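Asks: What follows is a predicted protein model with its sequence.
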There are 2 protein chains.
Amino acid sequence: MNMSAASERLVVIGGDAAGMSAASQARRLKGPGELEIVAFERGHFTSYSACGIPYWVGGDVEERDQLIARTPQEHRARDIDLRMRTEVTEIDVAGQRVRARDLDSGAESWTSYDKLVIATGARPIRPEMPGADAPGVHGVQTLDDGQALLDTLARTRGRDAVVVGAGYIGVEMAEALINRGYEVTVVNRGSEPMSTLDADMGRLVHEAMEGMGITMVNDAEVTKVLTGDDGRVRAVATQDAEYPADVVVLGIGVRPETSLAKAAGLPVGQHDGLLTDLAMRVRGHENIWAGGDCVEVLDLVSGQERHIALGTHANKHGQVIGANVGGGYATFPGVVGTAVSKVCDLEIARTGLREKDARRAGLRFETVTVESTSRAGYYPGASPMTVKMLAERRTGRLLGVQIVGREGAGKRVDIAAVALTAGMTVEAMTALDLGYAPPFSPVWDPVLVAARKAALKVRAS
Amino acid sequence: MNMSAASERLVVIGGDAAGMSAASQARRLKGPGELEIVAFERGHFTSYSACGIPYWVGGDVEERDQLIARTPQEHRARDIDLRMRTEVTEIDVAGQRVRARDLDSGAESWTSYDKLVIATGARPIRPEMPGADAPGVHGVQTLDDGQALLDTLARTRGRDAVVVGAGYIGVEMAEALINRGYEVTVVNRGSEPMSTLDADMGRLVHEAMEGMGITMVNDAEVTKVLTGDDGRVRAVATQDAEYPADVVVLGIGVRPETSLAKAAGLPVGQHDGLLTDLAMRVRGHENIWAGGDCVEVLDLVSGQERHIALGTHANKHGQVIGANVGGGYATFPGVVGTAVSKVCDLEIARTGLREKDARRAGLRFETVTVESTSRAGYYPGASPMTVKMLAERRTGRLLGVQIVGREGAGKRVDIAAVALTAGMTVEAMTALDLGYAPPFSPVWDPVLVAARKAALKVRAS
């Protein structure tokens, strides 16, 4: 029997997308008389778009506050007891309570919970090397990071920028710094940028970036950050060379922030992310949920767990958690691994498995790569697009799609994302009834061209 | 046992998308020693994009020949015996032969076939009214039509254009004539333009067209074309009013061109289109195939036959027919009714069932309409988009989606097209892993926002 008068308390750790979506959704389902909600956030901001930081740094977005979807005040107006600048330092699972420290006063106290949501996010990978903490070296995970980087850009008015890492954050930051007038060098450990693509597709990104005046240094590891007399960064060194740098941006990637959860004995997987069930409950724990960048998610194509730090997943997790915490029912079945990004006018998209993912999953497959255009060839603005498709041998099941092109290329990956979710074969995809008109597509959409070629290859395999 | 030395003859009636795709695909599978291919085309052109005509008339496409995918010469170079300006006047099914007339010489002769492909296309609906044939009144179905219209535009350099019909051809022609500097009035029998949408979504198109300076006259039927002393059009009259017109474009739609097939006793359906099986064989006829604008197709959502004249279907039909004629195997399972078009910068898309389609199919459903944006709200160029979604009661199966918006709106309909093909529920759609980055989408894609709202409504139904 439900008791009224705040019979239950929900504690949320982390005030960004997953945590506050969960809190908001739970509040929609249960009023403050039924459910007390306490949320802890160690930073200065709530519910902001970290994905938007490169565009703020690059000047496409003018104000930091445009990236904030909901302020602490707005959350509080919805009866969420939000404690800013307050870091949870311990989870006592047996005692159903968390210890939190006010980062300004240093005061610590325990708060008990009936239900707990862990949304501690991810932490950036910082390379262990001399000079990594020098002024002028910046991460871009948080709004504070973005502001610090903008301060450096304003102060140095330099010429040379080095971006370490060529994943989506790296290429987006390369664009941002180009927009700010810098000479940009991207130093990349892999053989081609965008290791979320196969190397043959990454090669297309590489060539396009060079066409934009970005210097790509592949197969290179930054070993040292060199500083000047003022202690600020002046260059980065790899095993082979030095690259002058008035500013350095680290875009190496992130890891789940699960130290708190691990210390509490909660289960993490191979990627160090929390493991949950389909309702986003931490496995083995009836009253603890977790979502966002701190969890691993099931890859529906490979059947294996992955870690993907992406705001769209965090929001979905939050909705699912909030529904379940609030007495409703929702699940997050998993991902197919869709991602889209751009560098200047180059659009880059992927979904499903790369060749190495498919091999790791034990799959045999065929690959095809086709060139097509975004619109009918005769229509103004038709731009070339390369589509790579992987299909399982024998069954012909779609396994993955990668797209590199210009305007109109990126979001075409959604066609494949839905087809992957539905378990479609490439043969079935050839009959897909996709939107056609000359300003929107060739008469055979590029994804269909790839599907036709893949279907032929599967038949012959 | 197969005989060589052209043991079989394939006859194709109609030299556009479906017919010539079939011929080309069959030729790929069987060389001229195995299969003789004779194709008859009554016009001057083969394999052209009729869908591109509005953009040629409007000036976006400069040359007529850009719309021609493959010329008669190119087809002949692939060992297709293509007879231009030659009209098939009779199909003798029992005798396995067709009679054709050379339109220049008037000579007629019989050609026997082992296999026959009927790809006679569609014919425009011409209103029965005084003056409909006056100089200055134009259809836009063929390249010849387009050239004649361009000649009129060059000659009249007039001010006023009237477009009759507000379907996709009508709105595309309104854009073309705006681009040519005309004052454009669109006269429409329906209550709102784009009757392929529900009226509430058509209303958005109406408002946007008026914003572009196009005069929309709804609920009006053209009763008469008025001519001047020179015999050319000078105005059109409806039941209520007269509209001055230096040029009139008829964009009322098309019907299957099946008079030849019907005279031969071949089966047609409720829409007067040929009925085929899944391999595109005319029902009851082992050696006759049909495809393109002259056939009816199965609507996979409603389970009923429809007539849809669209180049992308015609090309798919041709591929399927060619594979089967050439000894391979392929099927065309049906359509979900996807269409996308634009008028100036307004993008209009639909897939699946409208409300009246769903009712006609005996379905009960919920509808939702949401407003969202094409990109993250803070990203430059984010433009508003309205998404309407229909879902079946109880099962929650997606039934249809309509989208009206600006750049980035139209091709989002593909997400729904694939989901419809896969029979997804709106609940399942809420978890779709669609491409997200601020330049491409809000963190919840507009289609997901609609799916979430629809899922809530289905649960409550």
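Replies: Here it is on my side, so go on.

Asks: In a helix, A:M201, correct?
Replies: Yes. Counting by DSSP: H, G, I helix; E, B strand; the rest coil, A:M201 is part of a helix.

Asks: tell me the contacts of the closest residue to it other than its chain neighbours?
Replies: Spatial nearest neighbour of A:M201, excluding adjacent residues (Cβ to Cβ, 6 or more residues apart in numbering or on different chains): A:Q402 at 4.6 Å. For every residue, glycine as well, the C-beta is placed using N, CA and C. Applying Cβ atoms under 8 Å, 6 or more residues apart in numbering or on different chains to A:Q402 gives the contacts A:197-198, A:201, A:349-350, A:354, A:387-388.

Asks: Tell me which helix or strand comes right after the helix or strand containing A:Q402.
Replies: If you go by DSSP states H and E, A:Q402 is part of strand A:398-405. Next helix or strand after strand A:398-405 toward the C-terminus (DSSP H and E): helix A:413-421.

Asks: mind checking the SS state of the nearest residue to A:T142 once chain neighbours are set aside?
Replies: Closest residue to A:T142 apart from its sequence neighbours, by Cβ to Cβ, 6+ apart: A:G43 at 6.4 Å. What three-state DSSP gives for A:G43 is coil.

Asks: Model confidence score at A:G43, please.
Replies: At A:G43, the model reports a pLDDT of 94.

Asks: same question, A:I214
Replies: 97.

Asks: surely it meets A:I178?
Replies: Yes. Judged on Cβ atoms under 8 Å, A:I214 makes contact with A:I178 at a distance of 6.6 Å.

Asks: quick one, what contacts A:L67?
Replies: For A:L67, the contact set (Cβ under 8 Å, 6+ apart) comprises A:48-49, A:52-53, A:56, A:61, A:143, B:378.

Asks: neighbours around the closest residue to A:I118 other than its chain neighbours, how many?
Replies: Spatial nearest neighbour of A:I118, chain neighbours left out: A:A290 (4.1 Å); criterion: Cβ to Cβ, 6+ apart. Residues lying near A:A290 (other Cβ atoms under 10 Å in any protein chain shown) number 33.

Asks: Am I right that A:A290 is in contact with A:R283?
Replies: No. With contact defined as Cβ under 8 Å, A:A290 does not reach A:R283; the gap is 9.6 Å.

Asks: Kindly indicate whether the closest residue to A:G381 other than its chain neighbours is helix, strand or coil.
Replies: Closest residue in space to A:G381, ignoring its immediate chain neighbours: A:R375 at 6.0 Å, by Cβ to Cβ, 6+ apart. Classification of A:R375 using three-state DSSP returns coil.

Asks: And A:R375, how close does it get to chain B?
Replies: In this structure, A:R375 and chain B are 10 Å apart, going by Cβ to the nearest Cβ, to the nearest Å.

Asks: do A:V163 as well
Replies: 17 Å.

Asks: what's around the residue nearest to A:V335 when sequence neighbours are not counted, how many residues?
Replies: Excluding the flanking residues, the one nearest A:V335 by Cβ to Cβ, 6+ apart is B:D433, at 4.6 Å. The local packing of B:D433 (other Cβ under 10 Å) involves 27 other residues.

Asks: what's the residue nearest to A:G381 in contact with, if anything?
Replies: A:R375 sits next to A:381-383, A:408, A:438-442 when contact means Cβ under 8 Å, 6+ apart.

Asks: ok, how many other residues are close to A:V387?
Replies: The burial count for A:V387: 29, using other Cβ under 10 Å.

Asks: My read is that it contacts A:T367, right?
Replies: No. Counting by Cβ under 8 Å, A:V387 does not reach A:T367; the two are 11.1 Å apart.

Asks: Can you tell me the closest non-neighbouring residue to A:D240?
Replies: Among residues not flanking A:D240 along the chain, A:A220 sits closest, at 6.7 Å (Cβ to Cβ, 6+ apart).

Asks: Next, the contact list for that neighbour, please.
Replies: By Cβ under 8 Å, 6+ apart, the contact list for A:A220 reads A:187-189, A:238-241.

Asks: Can you pull the residues of the stretch 151-300 of chain A lying near chain B?
Replies: Within the stretch 151-300 of chain A, the positions lying close to chain B (Cβ under 8 Å from any Cβ of the partner chain) are A:168, A:172.

Asks: For chain B, what's the nearest residue on the stretch 151-300 of chain A?
Replies: A:Y168 (7.5 Å; Cβ to the nearest Cβ).

Asks: May I ask you to confirm that that residue is in contact with A:A339?
Replies: Yes. Using Cβ under 8 Å, A:Y168 is in contact with A:A339, at 6.6 Å.

Asks: tell me, what's touching those two both at once?
Replies: When contacts are counted by Cβ under 8 Å, 6+ apart, the set common to A:Y168 and A:A339 consists of A:196, B:437.

Asks: what is the orientation angle of the strand holding A:Q402 with helix A:413-421?
Replies: Computed by axes from the mean of the first three to the mean of the last three Cα atoms, to 10 degrees, the angle separating strand A:398-405 from helix A:413-421 equals 170 degrees.

Asks: partners of strand A:398-405 in the sheet?
Replies: strand A:346-352 (antiparallel), strand A:384-392 (antiparallel) (DSSP bridges).

Asks: Please report the average pLDDT across the first one, rounded to a whole number.
Replies: Looking back up the chat, that one is strand A:346-352. 98.

Asks: ok, and what's touching the helix or strand following it?
Replies: Next along the chain after strand A:346-352, taking DSSP H and E as the criterion, comes helix A:355-360. Helix A:355-360 is contacted from outside by A:198, A:301-302, A:304, A:365, A:367, A:390, A:399-400, using Cβ under 8 Å, 6+ apart.

Asks: Considering these, which possesses the most neighbours?
Replies: Within these, A:L399 tops the neighbour count with 30 neighbours, counted by other Cβ under 10 Å.

Asks: Quick one: residues in contact with stretch A:322-333.
Replies: Contacts with stretch A:322-333, where a contact means Cβ under 8 Å, 6+ apart, come from A:10, A:21-30, A:35, A:115, A:117, A:278-281, A:289, A:291, A:297-298, A:300, A:316-317, A:319-320, B:428, B:431.

Asks: swap in stretch A:198-213?
Replies: If you take Cβ under 8 Å, 6+ apart as the criterion, stretch A:198-213 is touched by A:171, A:174, A:178, A:183-184, A:186, A:190-195, A:197, A:216, A:218, A:343-344, A:346, A:348, A:350, A:354-356, A:369, A:386, A:388, A:402, A:404.

Asks: Buried only: go through these for me.
Replies: Buried residues within the contacts of stretch A:198-213, counting neighbours by 16 or more other Cβ atoms under 10 Å in any protein chain shown: A:171, A:174, A:178, A:183-184, A:186, A:192-195, A:197, A:216, A:218, A:343-344, A:346, A:348, A:350, A:354-355, A:369, A:386, A:388, A:402, A:404.

Asks: How about stretch A:448-461, which residues are buried there?
Replies: Residues A:448-455, A:457-458 are the ones in stretch A:448-461 that count as buried (16+ other Cβ under 10 Å).

Asks: So which of these are in helices?
Replies: A:448-455, A:457-458 (DSSP state H).

Asks: Chain B next: which of those are close?
Replies: For chain B, the contacts drawn from those by Cβ under 8 Å from any Cβ are A:R452.

Asks: quick one, phi/psi of the residue nearest the centre of chain A?
Replies: Taking Cα atoms, centre = their mean, the centroid of chain A lies closest to A:L310, which sits 2.7 Å from it. As for A:L310, its main-chain torsions (degrees, to the nearest 10) stand at phi -150, psi 130.
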